[in-house]
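[1] Attaching a predicted model along with its sequence, questions to come.
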Amino acid sequence: MALHTEWVRYGASGQYVGYLAHHDRLSDGQPAVIVFQEIWGVDDHIQDVVERFARAGYVALAPDLYAEGGKRKPGLEPEAIEAVKRFLDSVPPQAWHDAAERDRALDTLPEPERTTVRHTFGQLFGGLNLDAYQDQLLAAASFLRDTYPMTKGQPVVSIGFCMGGGLSARLATLDPKLAGAVIFYGQAPSADRIPNIQCPVRGFYASLDPRITDAVPAFAEEMKKSGKDFQYRVYEGAHHAFFNDTRASYHPRAARSAFAEVLTFFNQVTGGV
């Protein structure tokens, strides 16, 4: 027994690509999970998360939001993003958000790595516009629900991490047929979008991530006022990106607990036993 994995093309003209996985024993008529990337793209970690859902019995797809026409956008190539990761791992955490300190650290890098890191850092962190991905979000859901043979006509759910958490929430405001959405430490949708949500939503957050977590009670209150199904958990002692087991922020207890809850939730909303 093994997993089937492939990079697929989808969209009206096949302009989008994504990493797809399912167990090779699955037949048609399976529910699907859309896995939305962190800011790092569909890297090894996100591909591994896709495969975890495939082993759990789902067809899983991670849209590569940095690719168009089958190619990565300039400055967002995997090797350039890996260079930014290495740089950020080499500096104190405060330098991530301190431009002056970050520039001093950048100046110690040799060329051409310095130019690559500076350019790609700006591409990644120069302002997150979730609206820019709207067409890709909807195309991924449509591909799984309406086109891909194994999942055609079946429930589709979404999950995302950091940037992807915000995109999972955003898809819930855009797709009335979405069966469920999960947010891992991602940006909540604006209050005016909340009435559009038709599916239950679950959120998983970290106590040591105030930039995101401090806004969650207000989001929960807006969801309640609109009569929406939203439940969330905050893990004490965990940092942002606690689910990413390739980063220093990985928190095994929080990740283990959250993944178990996600599987239970997805089983419920997709009509599992």
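    It's in.

[2] ranges for the strands of the protein?
    3-10, 16-23, 32-36, 59-63, 67-68, 71-72, 156-161, 180-184, 201-206, 230-235 (DSSP state E).

[3] tell me the angle of the fourth one relative to strand 3-10?
    Think strand 59-63. For strand 59-63 against strand 3-10, the angle by axes from the mean of the first three to the mean of the last three C-alpha atoms, to 10 degrees is 50 degrees.

[4] Any stretches of the stretch 51-200 of the chain with poor pLDDT?
    93-94 (pLDDT under 70).

[5] how about a cut-off of 90?
    67-78, 82, 84-107, 119, 121-132 (pLDDT under 90).

[6] For residue 72, give me its contacts.
    Contact partners of residue 72, counting by C-beta atoms under 8 Å, 6 or more residues apart in numbering, are 64, 66, 78. No exception for glycine: its C-beta is placed from N, CA and C like everyone else's.

[7] do you know how far the first one is from residue 46?
    The one in question is residue 64. Residue 64 sits 9 Å away from residue 46, going by C-beta to C-beta, to the nearest Å.

[8] joint contacts of these two?
    By C-beta under 8 Å, 6+ apart, residue 64 and residue 46 have these common neighbours: 19, 37.

[9] Show the contacting residues for the residue nearest to residue 167 when sequence neighbours are not counted.
    Excluding the flanking residues, the one nearest residue 167 by C-beta to C-beta, 6 or more residues apart in numbering is residue 36, at 4.4 Å. Going by C-beta under 8 Å, 6+ apart, residue 36 touches 62-63, 65, 137, 158-161, 163-165, 167-168, 171.

[10] Quick one: the helices in this structure, in order.
    For the chain, the helices defined by DSSP state H occupy 44-55, 78-89, 99-106, 113-125, 134-142, 163-174, 210-213, 216-225, 252-269.

[11] For residue 244, find the nearest of those.
    Taking C-beta to C-beta, helix 44-55 is the member of those nearest to residue 244, at 5.6 Å.

[12] Could you report the neighbour count for residue 109?
    Residue 109 sits with 17 neighbouring residues when counted by other C-beta atoms under 10 Å.

[13] Give me the neighbour count for residue 171.
    28.

[14] Distance-wise, check residue 39 relative to residue 252.
    As judged by C-beta to C-beta, residue 39 and residue 252 stand 22 Å apart.

[15] Of the two, which one has the most company?
    residue 39 (16 against 10).

[16] Leaving aside the residues adjacent along the chain, what's closest to the more buried one?
    Once flanking residues are discounted, residue 39 sits nearest to residue 163: 4.5 Å by C-beta to C-beta, 6+ apart.

[17] Residue 133 versus the one you found, what's the distance?
    Distance, residue 163 to residue 133, using C-beta to C-beta: 9 Å.

[18] just residue 27 next, same as before
    32 Å.

[19] With residue 149 instead?
    Going from residue 149 to residue 133 by C-beta to C-beta gives 26 Å.

[20] ok, those two, which is more surrounded?
    Ranked by neighbour count (other C-beta under 10 Å), residue 149 and residue 133 place residue 133 first, with 21 against 9.

[21] The more buried one against residue 167, yeah?
    Yes. Between residue 133 and residue 167 a contact is recorded at 6.1 Å, counting by C-beta atoms under 8 Å.
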